[in-house]
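Engineer: pasting the structure only:
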DNA sequence: TTAACTGTAACTGATATCATTACAGTATGA
DNA sequence: TCATACTGTAATGATATCAGTTACAGTTAA
């Protein structure tokens, strides 16, 4: 799976954690542990999907516009990583004579699609607020 | 996801399809659409896991030893691709001060683990015989 | 003894991934 | 208006992973 999904979730959780829900790409990059340019790329997608608002210029940055208990990991998955379950390489060849070889590609495609649907519905049950909650539990225990 | 999972499933289905359940790496490679050395690598793992028997030497090859309706894609997934759902790169850093940054790695790890468990139980419901059945349906329709 | 196999490692080229640089565009405030 | 501090985006480079291929030792049947 592409790590942009993780970066997106982390960033949204961090914004939800901050009292004013605002941070620059530099602050997010520090917290996530990557380069600010990468954060900007991910956040740009989240902006186009309506989860954050951005403000360019001095004092600008990113602000969470969606409600943390409304946005699910499923939403983020669909935007950032849809199709990542299926391997890029697939076996079989529709043109060959053998029943197995010629139909395997289609059958495996279907299997991966339903598998991904299952994955999505699992992620649909986890909100950004849930993740933030788990993080607070972590810190209480440790 | 690694395509060795697909190769393994395809190979087992093909063996289950053949009347005598036997094929050489060359035949499997033709059907799957890859190189025989790659087939041998995958089949070697399946042999160690007890799903096929191999015979070296002239007239040798691979023979399905497990029952097609007992072996599930979940079994194959666990052997060939366990852990492939989690991205290699993960965000956060346990040593940092921030509650979010320091605990995110652990929380996301847990989320990916349960997600993978869900994926496994989805795959557990599909047997090699089921896949072969879907292939025959495909060929009936087309 | 030869031919036909598997087992396995090594190498190559292609592709994916992440880090980094660069710079244009934009907003703020002195 | 000008310096400063941001985002947006493309390009580049480094590294890892993946798939194809070659090579060869070991094994078995005829």
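Structural biologist: Okay, I see it. Just so we're clear, the structure is a prediction, and the values are computed from it rather than from any experiment.
Engineer: in chain A, what residue comes closest to DNA strand C?
Structural biologist: residue A:57 (2.4 Å; Cβ to the nearest atom of the strand). Bear in mind the C-beta positions are built from the backbone N, C-alpha and C, glycine included.
Engineer: that residue: how many residues sit nearby?
Structural biologist: Applying other Cβ atoms under 10 Å in any protein chain shown, we find 6 residues neighbouring residue A:57.
Engineer: try residue A:110
Structural biologist: Neighbour number of residue A:110 under other Cβ under 10 Å is 13.
Engineer: contacting residues for it?
Structural biologist: residue B:134 (Cβ atoms under 8 Å, 6 or more residues apart in numbering or on different chains).
Engineer: next: residue A:91.
Structural biologist: Neighbours of residue A:91 in contact, by Cβ under 8 Å, 6+ apart: A:104, A:105, A:108, B:3, B:6, B:7, B:10, B:32, B:33, B:34.
Engineer: residues touching the residue sitting furthest away from the middle of chain A, list them.
Structural biologist: When each C-alpha in chain A is compared with the mean C-alpha position (Cα atoms, centre = their mean), residue A:97 comes out farthest, at 40.7 Å. With contact set as Cβ under 8 Å, 6+ apart, residue A:97 has no partners.
Engineer: what pLDDT does it get?
Structural biologist: pLDDT, residue A:97: 94.
Engineer: backbone dihedrals for it, please?
Structural biologist: phi -70, psi -40 (degrees, to the nearest 10).
Engineer: doesn't the residue of chain A closest to DNA strand C lie inside a helix?
Structural biologist: No: counting by DSSP: H, G, I helix; E, B strand; the rest coil, residue A:57 is not part of a helix but coil.
Engineer: quick one, helices of chain A?
Structural biologist: A:4-17, A:25-32, A:36-48, A:73-80, A:99-124, A:128-141 (DSSP state H).
Engineer: out of these, the one nearest residue A:63 is which?
Structural biologist: Nearest of the helices of chain A to residue A:63, taken as Cβ to Cβ: helix A:4-17 at 7.2 Å.
Engineer: so what does that closest one touch, helix or strand wise?
Structural biologist: In this structure, helix A:4-17 packs against strand A:22-23, helix A:25-32, helix A:36-48, strand A:61-64, helix A:73-80, helix A:128-141, helix B:99-124, with contacts taken as 3 or more Cβ pairs under 8 Å, 6 or more residues apart in numbering or on different chains; DSSP states H and E.
Engineer: and chain A, which of its residues are near DNA strand C?
Structural biologist: With Cβ under 7 Å from any atom of the strand as the criterion, chain A comes near DNA strand C at residues A:2-4, A:33-38, A:55-60, A:84, A:88.
Engineer: report the central residue of chain A.
Structural biologist: Short answer for chain A (Cα atoms, centre = their mean): residue A:5, at 2.8 Å.
Engineer: how near is residue A:133 to chain B?
Structural biologist: Between residue A:133 and chain B the distance is 10 Å, computed by Cβ to the nearest Cβ, to the nearest Å.
Engineer: could you find the closest non-adjacent residue to residue A:85?
Structural biologist: Closest residue to residue A:85 apart from its sequence neighbours, by Cβ to Cβ, 6 or more residues apart in numbering or on different chains: residue A:116 at 4.5 Å.
Engineer: whoops, residue A:71 was the one
Structural biologist: Excluding its sequence neighbours, the residue lying closest to residue A:71 (Cβ to Cβ, 6+ apart) is residue A:128, at 4.9 Å.
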